[in-house]
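> Okay, predicted coordinates and the sequence, questions at the end:
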Amino acid sequence: MNTSLTLLSALIAVPLIGFLFTLLAKDDETTKGRNVFSVTILTLVSNLFLLWRIALNLDIDKRGLQLSETYNWLDYPKIDLVFGIDMFSLLIIAAIHISLIISLAGIRHRDRAKKSLYALCLLFLAMINGLFISADIYSFYIFFEAMLLPLFLLIGIFGDIKRQVIVSRFFIYNFLGAIFLFIATAVLYNHEGHSISLSSVSRLDLSPKLELCVWGAIFVSFLSRIPIWPFHYWISSINSAVRSPLVFNVVNLIPLTGVYGFIRYCPEAAPDNVSYYFYILEIIAIISMLFISLIGLINKDVQYKIFSFMTIYYIMYMLGALLPIDKILINIGFSLFAFIIITATLEMLTAYLEDEQEDKSIGAHGILCRVPKLSFIYSFLVLAAVGMPVSSLFLNNFVILSHLFSYNIRLGILIMFALLLVAGTLIQELYIFKDNSKISDDTVCIMDISTKMFSWLIFLSGLLIVTFINPLWFIGG
Amino acid sequence: MKTYYISLLPEITLLLGSLIMMLTERFRSASTPKTNFTIAKVSIFLSMVLSIIFYNQSFWPEYFKNTPYTTASKVFIDILALVSFYLGCKWFLSKNRSSLSFYISGTISVLLLSLSISAQNLLVMLGCLDIAFLLNIVFIKLYPDAEEVSPILHRYIVGFVIMNIFCIVGLYLMHSNGISFDFAAAKKAYKQIASPSFREYLSVVLIIITLFYMLGVAPFHFWFANVQSVSILPVSMFLSFIPPLAYISILINVLYNVFYPLFDTLHVFIIGCGILSVILGAIGVNGESNLKKMFSYVSLYNLGAVLLCLADFNAKGIFTGFVCLIVYILALLGIYTVLYAFKRKGDYVAEIGNLSGSSTVLPYASASFLIFFVSLLGTPPMLGFLGKLSIINYLIVQGSYAFIGIILMATLLLAYAFLKIIKTIYFDKNESGFDRVDKGVYICLTINLFLVLMSILNPSYLLHDAEPLLTTVL
Amino acid sequence: MLIEVFLFLVVAGVLPIAIKGKRLSFVYLLLLTISMALMLGYFYQNWQQGTKDNFTYDWVSSPYYPIKIHLFSNFTHYAQIFPFFLISVVMIIFNCFSKIEKRKLEQNGLICLNLGALIMLICGENTIQLLVSACVIDVLGFYIINESAARRKYIFYNLMADMGLFMLFALIWGYTESIRLSDLGKYFEQGEHRDLVCILLLLCLFIKSGLFLFQTPLQNWNILNMRTIMVLSFLSTPISGYILLFKTLPLLPLSKYSEPLVLFFAYASMVWGGIGAILIDNLRSKLIYLNMILSGLMYALLQAGLTPDTPIFASLILGGFLLSGSLLLVALGSSNEVYVSSMGGFIANLKLSFMVTLFGILAYIQVLYTLSQTYNFIPMIALGLISVSTASIWSHIYFSPSNADERVLAMLKNPLFVYWGIILILALYVLYQEGTPDIASYAILSGIFLLAISGIFNKILPIYENEQVQESDRFSDFYHYFVIGPIKVLGRVLWLTIDFLIIERTIIYTSRNTVNLLIGFFQKIHTQAKWAYPFFLILGCGMIYGSYILAEGR
């Protein structure tokens, strides 16, 4: 067996080991979830350490996936699991780990989280790590679909969703997308007679008819993950129903898998024959951006607003990734890094606010007025989210947008308009939270976040600022 | 010549086992399920060992011939029978009911199916299968509610008679066409036929549909779900694994060693049955709330998929079908094992609704249930993916894109039904408690899980040397 | 040199925010004030000595996206920075002595940071530096405001403007592949949609500066105290908008609409500012309107050729500041009375303040008069408007019969020396800079005085009582009904039609019903066993025959 299990495989193995440990850990009234929480955090931190080690081994200037590892999985059909990583993947994986730590911190005292929550979270992490280090089409597909199960269970068991029918719908919808990718993968595999690296999919010499079919399936499968119009409903209905910050965060990583799929399958340009798909995609993407941003603006649900914000950004990243310019990929990566952290933290704080509102039976108006620590962090995050120069989002988005503008100015303008709308949506929400016009001395206040939590959030804010101070470090900035 | 007689030992052992069980029942007042199980276990185990020892020795090679392929099939059946009997014992112990009929019928059924697998003559083969099929009546009668059983049993017998009529007509036509019932001779005769007439075609198809009927393949599947609904859990489990596995083994043998020259003509019919089975199986699962009936439709779906692989009459097809079958059996075996764990106030859970909230009380069993379901769905990285991958890959090689679409859409429907069960187990609140689970059930479950999970990491463990073994049938 | 100032400002700005609410905060406050004053002296000294350096920080040294942060110390930058530095120090001192300000240390820290950002903006040589500085100024402005009602529109408008600028610079970079301001001209050769670029740029800057049509966020500041309004007006977004325009001037010739647009908005702002300063009762609103005249004037003069690196520009800014300062004196003297209709006859108690005001206004008039000699009628229009407005304000505050309540009258007294003293010094400084006032300046001042005491403005008192005039915000209503309203309606309609009607009620229901129909049919043929058996047998027979036909056909 030709296997070289090293650092990359460990990125999957460590969460799986953590998963087993979590299942075995004692979790009762006396431990109150401390054991499983510690195991989970330790796993995440270990993986971050691994990522750091991997980063040291990466050659930033080298193009393509590096540190390749191969695992002979099946002889008939001959399938090898091939892993590889580049700075883009590494940044996303790191951001996911940090975002999960943030979400876990958010649910630590929210309710007595069961160990299955942590276990599923680690299982999901293993799968999504696998996806982001996959270097060939079969590995990619396997993890693309495999992550659905822990996701489904996380949403269903811990999402606090009242209408469970939407969970099944969500799963079926994503499952359908995965089926399309499976067909495309199997067809490509058989066409070539062996597995294909992700970067070479767009360079395959297929017949025009086959090309259209395969790429059609690939497009549909990735779009099924991105809340793009008119398929946004399945994800949006979950997003607005989920109450757990961890689950919300996990659900919001799903569009990332779709965007990532596009990035990996069309690294520079897709075949000419399917350029027609790109025009359609651009049109749908723009309609989606405008549509979702408009609905986000009128929707009263904060979760939906955050969802609309995330969706718009994801679609923008997708459009950026589809440009025939390879060099902005790393900009997208670093922008996503900050974006994931910002949204995870925002969601965690929003969930905290909603819980407090429910506990104290108070409205959202002025809820941040008497909680300076929370108010400061929340304001900072909103400003970061709308693209103020406090995180790597600012400069990297500038680069992405400038490329989009030079590609198609009308497209760029519409994207900007959508970005403006979602930014307005978030600011509007912040204003409501900070509106002290209805606050008097005897108004019931929520409890401010603990100093420990505040310190952790300050650290994160500092991290974001560091990403702003050196926003293009990866290219020698 | 001595060797030839000795090679009968596996069958004799099974027969002896059945006799001992009867004698024990007759002469021992305190007969317990454990005693019957022990006798059945020993006889089947011995039969299995002896089958392996005499894997290529035959007593009457003109009628029953042992090959590595038949031996492997028999061993597989024996193992499944052992598991089925072991878990069945738990059921009978729990219910405090006589297990004699179950174990005797089971052992004889295994004997008859083993003989059918080795058979080299259509008449002998169908005769053994007929008796084995009739033995199911004993199984059905084990169900406590006689009123419920009666109409189903009646229909079962009517169906059996009709199919036998078809079979006899088929054999008659074959005979009237001057074709021998001996496998080799028949194959040779069919090779002479360039383009079969409808009469010749009909003679073959009528025999095949008898096998399909027994196997429960659409559109001849109608008896299976009904019988499952009135089967006690051990019977249900037995019927889900042992006969179908034997029938598939026989079907492969017959298709390749008798009807192979008629490939072009039979191909369409087999594919049609496969597709219909896949579709009806997937729809049927969604319409059911009874777990056993649900799984009978899951079987239908999977058998349909296996037929699609076999329809092309080639080695890759057999191998792919085998992979699908093994994956399906392992997953379904796990599911049945878990069903032994779900017991409320002494009653084994039969309806989906009764599973509500089991995840909190029986987390291990529930998690296993989930894993097996996901495996059945073919979701990676579970073992079921291997099956899905094999079949889709095979169909792509064949260029059967429409079938791929049908199979995958059916998978979607299957997923919808499974989600209902998963939702009940994991998302619904627990209404009342579950009984304590027998350790033996957990042991079986763990072994099954281990097999499934190990196969995920390295499927070669499971499929080691399967391909050369299977090609011995050709 | 500027880098030292910049770093000092960052440290001086962050420290007070970090230590706010701690003991000895007064000591910190004092230290900050003294050090700021000393730093101003140091800055002035370097300016006068002509100290030069080319400090550049390679923020991103990639060949694809080279970004440098420039903080060149040169005469141009010194000249531009100076009035703002001076105003910052003055405002810090005012804050120190304020009796009502609760967040002195924090506010002063924010002023320091804001000045730092302004320096970065002024020294900016590339669009990224401009954008970052402008955004930082917005954010700092947001924190300086500290009143949710005043923040709302401020943040929305500025966010819009920032995103517009973001888009604009991204667009330019996309075409020219350069972020350097010196390369803006390349857009002539490579860029498309030039009119769009120009109009977008100007609209964003007008929003930032609160020019006509976009003054609403500035008007919302009228609930803040006078000092905060002055800080915001002279150090925050209105100024950053103006500087941005100065920096991006090479883009204006791209479109033939640029000049008319700038001039229209500049004149309209001046006129609207003048009308507002006369007709609005609220003293803080008057201050805002007066600054609107100044903003309009600055834009018009920039179009006419007056750049902010000239000494007269500094005097102009300081002149405007003096006018605001004169109103601050009144507010401080009258225990922060807000409405001029509730004042009157203050000359009796606020003689000293009035005298200082006279100097301040004289300085402002002198600056405008000097400008009018070069730029003809533009400064004259502003001068006219400011004169009438000032006369009206003086009339209501100092010379009309008293309408003040007893509490205000009882507390009426000249503010602390530090306030009027500084304003007086500033006025003298401006007069010193502009030379001995012309006769015309004295004449205009006399005219204002005569107009104020004539009582003519008492006729507009009824307007002060008209709520429609005083409270209504037609521009906000316009945006609400014609921009935001339709967008929200569109969002709701889309949600109803697409999400609810098409997806939920049509697609999902149809799929569910189809599946249910299939299942129902299936169940029917299976549960009715007496029919199911024959049905499937016939189906099987049909398949046998059909397969044969198909196979033969093949």
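Now that the structure is in, tell me what you want to look at. Residues are numbered from 1 along each chain as shown, chains lettered A, B, ... in the order given.
> From now on I want contacts and neighbour counts done on CA atoms only, so please keep to that.
OK.
> Wait, a strand at C:Phe72?
Yes - C:Phe72: assigned to a strand according to DSSP: H, G, I helix; E, B strand; the rest coil.
> If we ignore the residues flanking it in sequence, what's nearest it?
C:Asn54 (4.5 Å; CA to CA, 6 or more residues apart in numbering or on different chains).
> Mind listing what's buried along the helix or strand containing that neighbour?
Per DSSP states H and E: C:Asn54 is located in strand C:53-61. Of the residues in strand C:53-61, C:Trp59, C:Val60, C:Ser61 count as buried by neighbour count, 16 or more other CA atoms under 10 Å in any protein chain shown.
> by contact count, what packs against that strand?
Counting by 3 or more CA pairs under 8 Å, 6 or more residues apart in numbering or on different chains; DSSP states H and E, the packing neighbours recorded for strand C:53-61 are strand C:66-73.
> chain center to the next helix or strand after the strand it packs on: distance?
Helices and strands here follow DSSP H and E; after strand C:66-73, the next one along the chain is helix C:75-96. Offset of helix C:75-96 from its chain centre (CA atoms, centre = their mean, to the nearest Å): 18 Å.
> ditto for stretch B:373-392
Remark: stretch B:373-392 is offset 19 Å from the chain centroid, using CA atoms, centre = their mean.
> ok, residues contacting it?
Defining contact as CA atoms under 8 Å, 6 or more residues apart in numbering or on different chains, one finds that stretch B:373-392 is touched by A:76-77, A:142-143, A:145-146, A:183, A:186, B:305, B:309, B:320-321, B:323-325, B:327-328, B:331-332, B:335, B:371, B:404, B:411, B:414-415, B:418, B:452-453, B:455-456, B:459.
> Pull that stretch out as PDB, backbone CA atoms only.
The C-alpha trace of stretch B:373-392 is given here as PDB (Å, rounded to 0.1, in the frame of the first residue of the first chain):
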ATOM      1  CA  PHE B 373     -28.800   3.600   7.300                       C
ATOM      2  CA  VAL B 374     -26.200   6.000   5.900                       C
ATOM      3  CA  SER B 375     -24.400   3.000   4.600                       C
ATOM      4  CA  LEU B 376     -27.500   1.800   2.900                       C
ATOM      5  CA  LEU B 377     -27.900   5.200   1.300                       C
ATOM      6  CA  GLY B 378     -24.400   4.900  -0.100                       C
ATOM      7  CA  THR B 379     -23.200   8.100   1.500                       C
ATOM      8  CA  PRO B 380     -19.400   8.300   1.700                       C
ATOM      9  CA  PRO B 381     -17.300   7.400   3.600                       C
ATOM     10  CA  MET B 382     -19.600   4.700   4.800                       C
ATOM     11  CA  LEU B 383     -19.300   1.200   3.300                       C
ATOM     12  CA  GLY B 384     -22.500   1.700   1.200                       C
ATOM     13  CA  PHE B 385     -20.600   4.200  -0.900                       C
ATOM     14  CA  LEU B 386     -18.600   1.300  -2.200                       C
ATOM     15  CA  GLY B 387     -21.700  -0.300  -3.500                       C
ATOM     16  CA  LYS B 388     -23.000   2.900  -5.000                       C
ATOM     17  CA  LEU B 389     -19.700   3.600  -6.500                       C
ATOM     18  CA  SER B 390     -19.300   0.200  -7.900                       C
ATOM     19  CA  ILE B 391     -22.700   0.100  -9.600                       C
ATOM     20  CA  ILE B 392     -22.500   3.700 -10.900                       C
END
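> so for that stretch, what's the average pLDDT?
Stretch B:373-392 carries an average pLDDT of 82.
> re the thing from before, for the strand holding C:Asn54, which strands pair with it and how are they oriented?
As defined by DSSP bridges, the strand partners of strand C:53-61 come to strand C:66-73 (antiparallel).
> List the buried residues for the strand it pairs with?
By neighbour count on 16+ other CA under 10 Å, the buried set for strand C:66-73 is C:Ile67, C:Lys68, C:Ile69, C:His70, C:Leu71, C:Phe72, C:Ser73.
> Quick one: the residues you listed as CSV, columns for pLDDT too.
As requested, the buried residues of strand C:66-73 are exported to CSV (pLDDT from 0 to 100):
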residue, pLDDT
C:Ile67, 83
C:Lys68, 86
C:Ile69, 86
C:His70, 88
C:Leu71, 88
C:Phe72, 87
C:Ser73, 85
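> quick one: B:Leu245 from chain C, how far?
Between B:Leu245 and chain C the computed distance is 23 Å (CA to the nearest CA, to the nearest Å).
> show me the residues around that residue that make contact.
B:Ser73, B:Ile77.
> let's see it at 10 Å
Contact analysis of B:Leu245 by CA atoms under 10 Å, 6 or more residues apart in numbering or on different chains lists B:73-74, B:76-77, B:80, B:113, B:215, B:239, B:251, B:303, B:325-326, B:329.
> Filter the contacts of stretch B:373-392 down to just the buried residues.
Buried by 16+ other CA under 10 Å: A:76-77, A:142-143, A:145-146, A:183, A:186, B:305, B:309, B:320-321, B:323-325, B:327-328, B:331-332, B:335, B:371, B:404, B:411, B:414-415, B:418, B:452-453, B:455-456, B:459, out of the contacts of stretch B:373-392.
> What is the burial count for residue 87?
You didn't say which chain, so I picked chain A. By other CA atoms under 10 Å in any protein chain shown, 24 other residues sit near A:Met87.
> that's the other chain; I wanted chain B
Neighbour number of B:Leu87 under other CA under 10 Å is 23.
> So it sits against B:Ser236, correct?
No - taking contacts as CA atoms under 10 Å, B:Leu87 lies outside contact range of B:Ser236: 11.6 Å.
> Quick check: buried residues in the longest helix anywhere in chain A?
The residue-count maximum for a helix in chain A (DSSP state H) belongs to helix A:329-360. Neighbour counts over helix A:329-360 (16+ other CA under 10 Å) mark A:329-357 as buried.
> Which strands border the strand ranked longest in chain A, and is each parallel or antiparallel?
In chain A, taking DSSP state E as the definition, the longest strand is strand A:66-74. Paired strands of strand A:66-74, with direction, are strand A:79-85 (antiparallel) (DSSP bridges).
> So which residue is dead centre in the chain?
Let's take chain A. Among the residues of chain A, the one closest to the centroid is A:Leu253, at 2.8 Å (CA atoms, centre = their mean).
> My question was about chain C, not that one.
With distances taken as CA atoms, centre = their mean, C:Thr237 lies nearest the centre of chain C, 3.0 Å away.
> ok, and the closest non-adjacent residue to it?
Spatial nearest neighbour of C:Thr237, excluding adjacent residues (CA to CA, 6+ apart): C:Lys208 at 5.3 Å.
> Check which helix or strand the one you found maps to.
helix C:194-209.
> so where is the stretch 351-477 of chain A shaky, pLDDT-wise?
When residues are selected by pLDDT under 70, those of the stretch 351-477 of chain A lie in A:471-477.
> before we move on, the earlier item: give me the subset of the buried ones among the contacts of stretch B:373-392 lying in strands.
Among the buried ones among the contacts of stretch B:373-392, no member falls in strands (DSSP E).
> what does the model give residue 13 for pLDDT?
Looking at chain A here, since you left the chain open. In this model, A:Ala13 is scored at 91, pLDDT.
> Chain C was what I was after
Listed pLDDT for C:Gly13 reads 87.
> which residues sit in contact with it?
By CA under 10 Å, 6+ apart, the residues touching C:Gly13 are C:7, C:32, C:105-116.
> Repeat the analysis, applying 8 Å as the threshold.
By CA under 8 Å, 6+ apart, the contact set of C:Gly13 is C:Asn108, C:Gly109, C:Leu110, C:Ile111, C:Cys112, C:Leu113.
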